[in-house]
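Chemist: Sequence and predicted structure below; questions after.
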Amino acid sequence: MLIVPVVMVCVLLVVQFALAYHARQIASAAAVDAAHAEAAFDAPPNAGTDTAQRLLDANAARLLTNVTVTVIPTRTMSPSRSPAP
């Protein structure tokens with residue numbers, strides 16, 4: 001008789017971990033897309049923030065609550081390659 005409650009708790013724990021993993025994947029994908037949008041040539045101001053917020057609202061509105069999106073642009077250049085001699 002104790003087996004059914006234990007199995008139910010285990011199933012619910014698996015579901016909770018799956019939801020947490022899914023939320024993390026959505027947040028990570030939104031961050032990557034925000035970085036790409038911000039780095040695009042002639043990107044409008046707040047392109048990254050808007051992109052991430054739109055993705056989070058569309059895909060995780062009930063899963064992730066009280067989300068704050070902050071994009072900090074940096075000016076890094078890729079190393080230049082000199083022509084081969």
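Modeler: Yep, it's here.
Chemist: pLDDT wise, what is the residue nearest the centre of the chain at?
Modeler: Closest residue to the average C-alpha location of the chain: residue 27 at 2.1 Å, with Cα atoms, centre = their mean. Model confidence at residue 27, given as pLDDT, is 93.
Chemist: quick one: contacts for the nearest residue to it once chain neighbours are set aside?
Modeler: Excluding its sequence neighbours, the residue lying closest to residue 27 (Cβ to Cβ, 6 or more residues apart in numbering) is residue 64, at 6.6 Å. No exception for glycine: its C-beta is placed from N, CA and C like everyone else's. Going by Cβ atoms under 8 Å, 6 or more residues apart in numbering, residue 64 touches 23, 26, 27, 56.
Chemist: Stretch 61-72: how far from the chain's middle?
Modeler: With Cα atoms, centre = their mean, to the nearest Å as the basis, stretch 61-72 stands 9 Å off its chain's centre.
Chemist: Give me the phi and psi angles of residue 37.
Modeler: Main-chain torsions, residue 37, degrees, to the nearest 10: phi -70, psi -40.
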